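A.B. asks: How does the following fold in three dimensions:
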Amino acid sequence: MSTQEYRHIVRIVGNDIPGERKMLVGLTQIKGIGYNFATAILDTLKIDTNSNIGNLTEENVQAIEKLITDPIGGNFPTWFLNRRKDIETGADLHLLTSDIPFTLRNDIERERITASWRGYRHLSGLKVRGQRTRTSGRKGGAVGVAKGGMAAPVKKGSAGAPAAEAAAPAAEAAVPAAEKKE
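C.D. replies: Predicted coordinates for the structure are as follows:
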C-alpha cells in the first residue's frame, strides 16, 4: 500500500475525505455509510482499518467505490442496505449522499398525497410513529388554540396603546408619602 505517494485528500463517491483520517472513520464520513457497513467493506477488501486513508492506491479506491455503489454485487446481505424493496421499483437499494434526504422528502410527500394516516400526521406536524403526545412534543406549532385572551381595551381619545407619560403619574400616586421623603 505504501508504494504510492501519500494523498492529503481522497475523493470517494463524490466526497472529499482528509488523508490523515483512519480508514474506518473516513468511510463513515460518506452519508449513507455507517460503522458496520464501512467495516464490512474493509474486511471484504482486506484493507487495514487503522491505516490512513491517504495511503490508499487508486485500485483500492476504485474497489471501495464499486462495493459502495453496488453492495449486492459484493455479496452483502440485503439487510445491510438502507432502502429495501423500494416502493416505486421494488428493488433493494443502498442510497448515498444527497439521495437520502431527497428520497425521504418524496416518501413523505407521497404519504400526504395518498392521505394515509401517516400523511395526515405529517400534515398536522404531529408525531407519526405512535408516540404519545399529551405531554411531550409540544414545540413545533401544530394545530391548536392561540395562546392568551382578549387584548386590553384602548382608552377613547388616545391613538393606539396608552402612553408611558399617562402611566407614570399613576405609579407615583401609588407610592406612600413616607417613602417619598426618604
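
A.B. asks: Show me what counts as buried in stretch 99-110.
C.D. replies: In terms of neighbour count (16 or more other CB atoms under 10 Å), stretch 99-110 has its buried residues at 103, 107. C-beta: built from backbone N, CA, C; applies to glycine.

A.B. asks: outside of it, which residues touch it?
C.D. replies: With CB atoms under 8 Å, 6 or more residues apart in numbering as the test, stretch 99-110 has contacts from 31-32, 82-83, 87, 95, 119, 122.

A.B. asks: Which residue ranges of this structure form strands?
C.D. replies: For the chain, strands defined by DSSP state E occupy the ranges 9-12, 15-18.

A.B. asks: which secondary structure elements does the last one contact?
C.D. replies: Contacting strand 15-18 under the criterion 3 or more CB pairs under 8 Å, 6 or more residues apart in numbering; DSSP states H and E are the following elements: strand 9-12, helix 23-28.

A.B. asks: Could you rerun that using 6 Å?
C.D. replies: Counting contacts by 3 or more CB pairs under 6 Å, 6 or more residues apart in numbering; DSSP states H and E, strand 15-18 packs against no other helix or strand.

A.B. asks: Extract the residue ranges of this protein that are flagged as low pLDDT.
C.D. replies: 1-4, 140-146, 149-155, 157-182 (pLDDT under 70).

A.B. asks: Helices of that one, residue ranges please.
C.D. replies: 23-28, 35-45, 58-69, 99-114, 117-124, 164-174, 177-181 (DSSP state H).

A.B. asks: in the chain, which residue is closest to the centre?
C.D. replies: Centrality entry for the chain: nearest residue to the mean C-alpha point is residue 101, 8.5 Å, by CA atoms, centre = their mean.

A.B. asks: Now do it against residue 32, distance only.
C.D. replies: 11 Å (CB to CB, to the nearest Å).

A.B. asks: Could you do residue 16 as well?
C.D. replies: Residue 16 sits 16 Å away from residue 32, going by CB to CB.
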